[in-house]
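> Give me coordinates for this.
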Amino acid sequence: MVSTETSLLLACSNNLAAAVEQVASAVVAVNARQRIPSSGVHWHSGVVVTTDRALKREEEITVTLCDNRTVPATVAGRDSSTDLAVLKLPETNFPTAGIGDSKSLKVGHIVLAVGRSGENGISASMGVINAVGGAWRSWYDGQIDQFIRPDLTFYPGFSGGPLVDATGCVVGINTSGLSRRSNITLPITTVNRVVSQLLEKERITRGYLGLGMQPVHLPDNLQQTLNLQTNTGVIIVNVKPDGPGDRAGVMIGDILIALDGTPMRDSAQVLAMLEPERINQTLNAAMIRGGNLVQVAITVGDRSMKF
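Numbers count the residues shown, from 1 in each chain. Have a look, this model is predicted:
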């Protein structure tokens with residue numbers, strides 16, 4: 001006689017296996033590097049999402065489908081800042097992924113990482129959500145809408161594959177390329193935004209000032225003299241010739257303390273002000289120059305990141 005506890009465990013096991021089976025038909029192997037292929041997800045008809053780092057070459061790329069057929073693929077666009085890439089396929093008559101809601105994830109939720117290799121087929125790893133958080137920027141200046149860190153094993157080839165909830169819905173794309181300390185998952189909102197822009201423009205557009213900068217502490221006497229409400233800013237250490245900052249008259253040694261009235265304490269805050277909608281708009285920069293407070297109008301430029 002099977003105990004109640006055993007029945008519950010068996011039901012849970014069957015449900016997880018069903019979740020993997022549900023998503024497996026949309027998970028592909030991306031053959032764009034030597035040795036172990038990466039994984040990808042058939043996001044919508046003829047469009048596969050994978051990681052940028054999965055593509056070690058941009059020609060002679062193939063994708064292995066769920067029925068073990070291998071078809072050619074072309075690069076539609078890639079973005080190193082979010083570690084996402086988009087492939088176009090001539091083959092469209094196989095299932096697309098069921099997309100879930102990454103915003104519903106909570107610490108402790110059971111999740112599955114799923115991958116596909118050319119030889120061994122589908123693989124899965126089970127764990128829980130270790131941490132969730134708000135929007136953040138990658139080391140490469142990519143805007144990630146939500147921080148998601150699963151506590152599970154990313155086996156070789158899992159990067160570019162989906163993170164799946166207990167219902168079999170995809171809640172993000174797994175990557176090992178953005179964090180120096182751990183594997184993370186890119187949320188659905190980020191994937192959809194980047195995929196849409198890559199398919200439309202083949203590139204990612206970002207605002208650009210043409211300035212190199214680093215945080216600096218402001219001396220107490222300078223704060224008092226200028227009646228400043230902040231004790232930090234960012235000092236300009238490089239000005240790109242003929243860049244937006246150069247054309248506005250920004251000089252090396254200037255200390256930026258605010259943009260459009262928002263205090264700037266580090267370069268990440270500056271970058272956060274340079275979303276695509278800011279391109280060609282003018283920002284009012286409050287700066288300290290030679291011990292005096294000056295105002296500089298900078299028109300945000302367009303830094304296009306093409307693959």
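
> Please give me every residue in contact with the residue nearest to the spatial centre of the chain.
By Cα atoms, centre = their mean, the chain has its centre lying nearest to residue 82, at 3.0 Å. Contact analysis of residue 82 by Cβ atoms under 8 Å, 6 or more residues apart in numbering lists 52, 138, 142, 143, 144, 178, 186, 190, 194, 204. C-beta: built from backbone N, CA, C; applies to glycine.

> Backbone dihedrals for the third one, please?
Its backbone dihedrals place residue 142 at phi -90, psi 140, with angles given as degrees, to the nearest 10.

> quick one: it and residue 52 touch, right?
No. Counting by Cβ atoms under 8 Å, residue 142 does not reach residue 52; the two are 9.9 Å apart.

> JSON lines for the contacts of residue 82, including neighbour count and distance to residue 287?
Shown next, in JSON lines, are the contacts of residue 82 (neighbours: other Cβ atoms under 10 Å; distance: Cβ to Cβ, whole Å):
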{"residue": "52", "neighbour count": "24", "distance to residue 287": "35"}
{"residue": "138", "neighbour count": "18", "distance to residue 287": "28"}
{"residue": "142", "neighbour count": "23", "distance to residue 287": "27"}
{"residue": "143", "neighbour count": "20", "distance to residue 287": "25"}
{"residue": "144", "neighbour count": "23", "distance to residue 287": "29"}
{"residue": "178", "neighbour count": "24", "distance to residue 287": "32"}
{"residue": "186", "neighbour count": "26", "distance to residue 287": "36"}
{"residue": "190", "neighbour count": "22", "distance to residue 287": "33"}
{"residue": "194", "neighbour count": "27", "distance to residue 287": "33"}
{"residue": "204", "neighbour count": "25", "distance to residue 287": "29"}
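
> From the residues you listed, which land in helices?
190, 194 (DSSP state H).

> and of the contacts of residue 82, the nearest to residue 76?
Distances from residue 76 to the contacts of residue 82, taken as Cβ to Cβ, are shortest for residue 194 (11.5 Å).

> who's in contact with the helix or strand where residue 128 lies?
Element membership of residue 128, judged by DSSP states H and E, is strand 121-133. Strand 121-133 is contacted by residues 16, 20, 24, 27, 66, 68, 105-117, 146-155, 157-158 when judged by Cβ under 8 Å, 6+ apart.

> can you tell me the average pLDDT over that strand?
Strand 121-133 carries an average pLDDT of 96.

> Give me the buried positions along that strand.
Within strand 121-133, the residues that count as buried by 16 or more other Cβ atoms under 10 Å are 122, 123, 124, 125, 126, 127, 129, 130, 132.

> Just list whatever residues bridge to the last one.
Here residue 132 sits in beta bridges with residue 148, as judged by DSSP bridges.

> ditto for residue 285
In beta-bridge terms (that is, DSSP bridges), residue 285 pairs with residue 259, residue 296.

> just to revisit the earlier point, in three-state terms, label the residue nearest to the centre of the chain for me.
Three-state assignment for residue 82 (DSSP: H, G, I helix; E, B strand; the rest coil): coil.
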